[in-house]
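**Q** below are the sequence and a predicted model; questions follow.
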Amino acid sequence: MPSLIDIRRRIRSVKNTQQITKAMKMVSAAKLRRAQERTLAARPYGALLRKVLGNVAAAVSGDEQVAENPLLARREEHRILLVLITADKGLAGAFNTNLIKGAQRFQTEHPGVEVKFELIGRKGRDFFRKRAVLVAGDHVGLGAKVRYEDTAAIARKAMEMFRAEEIDAVYLIYNEFKSVATQKLTTARVLPSELPPRAAPVDYLFDDPPAEMLDSLLPKYVEMEFYRALSESSASEHAARMTAMDAASSNAADMIERLTLYMNRVRQSSITKEIIEVVSGAAAAE
């Protein structure tokens, strides 16, 4: 049976851990609010960009030059660039584990295909650089402050590889933010671009030829998809960490309660034993 000193040390250790988890929950809650606002603000812009792109594509549906656009070229997927977006830190429940398993499952579902990894986030980088996989590049620290310029540079690199026919398709794997308690593992193909369907008839007056506008809109659309994916992943990470730290704080409170009850039982047993010894000694003296 452990001594009272050992139990008190254990309780003190759990209380210190609980303070850390509570602090991490508060930090994640503050960061989640900003990340959620950024994500929700990016969604309408992305939806409107897809709508405009669909209308422009409908306006040039009969133009043969559209089919020659390199970002629309469809080829057999023998070489794929897989962009995996993970977190830089852990303590977020199954957030990173689900993403890594999703990337491994993607490899399994594409046998005989050369899959190159573009790794965004330290957790994914540290995991896959120890495995026998092809890594086209890695990026750390982008999730702390999501900036359009950083994701646009990665998107332009992917587009250049696609134009040069070094790869045949580009896929994104990330966690889409649904709510504080829910994040959805998402696998999306961004290249070759899939032109959105025309939402509603819109009679545009074009200053430039529609084909040229389509050529300029497609790269922006791909860049926006990369930025939106990182924004969604950042919000999902903070939500997952806040949920995990809340559960850890609750578990610590339960453990403190059990340890305190056990300590009281040990102390009561010790006091009872001492009383019995005193009574027995007094009875023997008589």
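**A** Thanks, I have it. Numbering: from 1, shown residues only.

**Q** tell me which residue is most central in this protein.
**A** Per CA atoms, centre = their mean, the C-alpha nearest to the average position across the chain is that of Ser233, at 3.8 Å.

**Q** Leu142: neighbour count?
**A** 18 (other CB atoms under 10 Å). In short, each C-beta sits where N, CA and C put it, glycine included.

**Q** right, and Ile154 touches Ile120 too?
**A** Yes: assessed by CB atoms under 8 Å, Ile154 is found in contact with Ile120 at 7.2 Å.

**Q** those two: which is more packed in?
**A** Shown here are Ile154 and Ile120; by other CB under 10 Å, Ile120 has more neighbours (30 against 19).

**Q** kindly state the beta-bridge partners for the more buried one.
**A** Legend: beta-bridge partners of Ile120 under DSSP bridges are Ile85, His139.

**Q** just to revisit the earlier point, does the residue nearest to the centre of the chain really touch Gly143, like I thought?
**A** Yes: using CB under 8 Å, Ser233 is in contact with Gly143, at 6.7 Å.

**Q** quick one: low-confidence ranges for the stretch 151-286 of the chain?
**A** Within the stretch 151-286 of the chain, the stretches with pLDDT under 70 are 195-210, 282-283, 285-286.

**Q** can you show me the helices along it?
**A** Applying DSSP state H, counting those that start in this stretch to the stretch 151-286 of the chain gives helices spanning 210-285.

**Q** sorry, back to before: what do Ile154 and Ile120 both touch?
**A** Shared contacts of Ile154 and Ile120 (CB atoms under 8 Å, 6 or more residues apart in numbering): 83, 139.

**Q** just to revisit the earlier point, spit out the contact partners of the residue nearest to the centre of the chain.
**A** Going by CB under 8 Å, 6+ apart, Ser233 touches 85-87, 121, 143, 174-175.

**Q** give the contact list for Ala239.
**A** Applying CB under 8 Å, 6+ apart to Ala239 gives the contacts 28, 32, 36, 177, 179-181, 183.

**Q** can you select the buried ones from those residues in ChimeraX?
**A** Buried residues among those (16 or more other CB atoms under 10 Å), as a ChimeraX selection:
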select :28,32,36,177,180,183
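
**Q** which one of the contacts of Ala239 sits closest to Lys116?
**A** Checking the contacts of Ala239 against Lys116 by CB to CB gives Gln183 as the nearest, at 25.6 Å.

**Q** OK, contacts around Ala136?
**A** Residues near Ala136 by CB under 8 Å, 6+ apart: 81, 116-118, 161.

**Q** what two of these are the furthest from one another?
**A** Using CB to CB, the two most remote members of the contacts of Ala136 are Phe117 and Met161, lying 12.8 Å apart.

**Q** how is this structure divided into domains?
**A** Following automatic domain parsing, the chain resolves into domains at 4-23+244-285, 31-241.

**Q** highest mean neighbour count out of those?
**A** For these, the largest average neighbour count (mean count of other CB atoms under 10 Å) is found in domain 31-241, namely a mean of 17.

**Q** first-to-last residue distance for that domain?
**A** Domain 31-241 has an end-to-end distance of 11 Å (CA to CA, to the nearest Å).

**Q** ok, and what's touching stretch 241-256?
**A** Residues outside stretch 241-256 that contact it (CB under 8 Å, 6+ apart) are 11, 14-15, 17-18, 21-22, 24-25, 28-29, 32, 89, 91-93, 95, 180-181.

**Q** repeat the analysis, applying 6 Å as the threshold.
**A** The set of residues external to stretch 241-256 that reach it, using CB atoms under 6 Å, 6 or more residues apart in numbering, is 11, 14, 17-18, 21-22, 24-25, 28-29, 32, 92-93.

**Q** again with stretch 94-106
**A** Contacts for stretch 94-106 (CB under 6 Å, 6+ apart): 84, 86-87, 123, 127, 173, 185, 237, 240.
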